[in-house]
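J.: Show me the folded form of this:
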Amino acid sequence: LMPDGHQGYGLPIGGVLATRGAVIPYAVGMDIACRMRMSVLDWPESALTEREGELIDAVERETRFGVGASFKQAERHRHDVMDEDWTFTPVLREHKDQAWAQLGSSGSGNHFVEYGVLTVLEDEGTATGRVGIELAPGRYLALLSHSGSRGTGASIAKHFSDVAAAAHPELPRQLQRLAWLDLDSEDGQAYWAAMDLMGRYAAANHELIHHAVLSRLGAEPIALVENHHNFAWREQHFGDEVVVH
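T.: Here you go, the predicted structure:
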């Protein structure tokens, strides 16, 4: 259990769980591949006050917030992720148009796009090297976003969570949200492929948000770091291949 641990669905938020040969949709989470991305800008931190209006305008114009938030047909973004195979399971086919309309949007809840000051305290190759950026000590203006796979990811999570629960009626009520899918089953393989696609889709969301906001500002990123949660990975631990949620 990580420091942000609190009540979730089956597995607590901030929980980490390993299984053998199975994936638990609810343990992955309802917002599949939710992630954070930070772009460090080539602007001084003084821009937070000196160019506040420009910064606010860029975010308000270039992404969308709120439940069901999406772009009108003429405003939709293009990205290679929409050219991938969205036909291998019915729930993806049914939600592809929704996914395209919401591509580049931020949603609601604890999701955000905001500016702040990044303080680098150690020289490059130490703290910064561990998170994949190389910056000299100092203070930098940064753009930070937090969101995931929007309505399509939630629909996939709900569908396969229901499939898993139906496959394990023997579980007591308090454990039903830990129902699993065997990875060698058709449903397990479909969920895993859909989860992977939602990972690429969520990454595309952030890529588009950051590109659009920085382009409107006329700013360039000098460093970038991104990581995701609400996911499952095949890993080797103690001599076993396990699925880490």
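J.: Only C-alpha atoms from now on, for both contacts and neighbour counts.
T.: Fine.
J.: Specify the residue positioned farthest from the middle of the protein.
T.: residue 170 (32.4 Å; C-alpha atoms, centre = their mean).
J.: got the contact list for that one?
T.: The neighbourhood of residue 170, defined by C-alpha atoms under 8 Å, 6 or more residues apart in numbering, contains no residues.
J.: Ok, residue 26 next?
T.: Contacts of residue 26 by C-alpha under 8 Å, 6+ apart are 9, 10, 11, 157, 161, 177, 178, 179.
J.: In strands only, show me those residues.
T.: When the contacts of residue 26 are checked against strands (DSSP state E), the matches are 9, 11.
J.: Out of the contacts of residue 26, which end up buried?
T.: 10, 11, 157, 161, 177, 178, 179 (16 or more other C-alpha atoms under 10 Å).
J.: Tell me the one of those nearest residue 41?
T.: residue 157 (34.8 Å; C-alpha to C-alpha).
J.: how close does that closest one get to residue 23?
T.: 12 Å (C-alpha to C-alpha, to the nearest Å).
J.: Ok, residue 86 next?
T.: 21 Å.
J.: ok, these two, which is more surrounded?
T.: residue 23 (27 against 17; other C-alpha atoms under 10 Å).
J.: Got the phi and psi for the more buried one?
T.: phi -130, psi 140 (degrees, to the nearest 10).
J.: per-residue pLDDT, residue 139?
T.: Per-residue pLDDT puts residue 139 at 93.
J.: That one belongs to a helix, doesn't it?
T.: No: using DSSP: H, G, I helix; E, B strand; the rest coil, the secondary structure at residue 139 is strand, not a helix.
J.: For residue 24, see how far away it is.
T.: 41 Å.
J.: what about the two, which has more around it?
T.: The neighbour comparison of residue 139 against residue 24 (other C-alpha under 10 Å) goes to residue 24, with 30 against 14.
J.: Got the confidence number for the closest residue to that one other than its chain neighbours?
T.: Spatially, and ignoring its direct neighbours in sequence, residue 24 is nearest to residue 180 (4.3 Å; C-alpha to C-alpha, 6 or more residues apart in numbering). Residue 180 is assigned a predicted lDDT (pLDDT) of 98.
J.: Ends of stretch 31-42, what's the gap?
T.: 32 Å.
J.: what distance separates it from the middle of the whole chain?
T.: Between the centre of stretch 31-42 and the centre of its host chain there is 8 Å, according to C-alpha atoms, centre = their mean, to the nearest Å.
J.: if we can go back for a sec, give me the subset of the buried ones among the contacts of residue 26 lying in helices.
T.: 157, 161 (DSSP state H).
J.: Now that we have the buried ones among the contacts of residue 26, can you turn them into TSV and tack on distance to residue 121?
T.: Conversion of the buried ones among the contacts of residue 26 to TSV gives the following (distance: C-alpha to C-alpha, whole Å):
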residue	distance to residue 121
10	39
11	35
157	40
161	43
177	42
178	42
179	44
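J.: So which of the buried ones among the contacts of residue 26 is the closest to residue 81?
T.: Proximity of those to residue 81, judged by C-alpha to C-alpha, is greatest for residue 157, which lies at 19.1 Å.
J.: excluding its backbone neighbours, what's nearest that closest one?
T.: residue 30 (5.3 Å).
J.: Confirm the one you found sits in a helix?
T.: No: counting by three-state DSSP, residue 30 falls outside a helix, being coil.
J.: Quote the end-to-end distance of stretch 1-12.
T.: 8 Å.
J.: Good, we can wrap up now.
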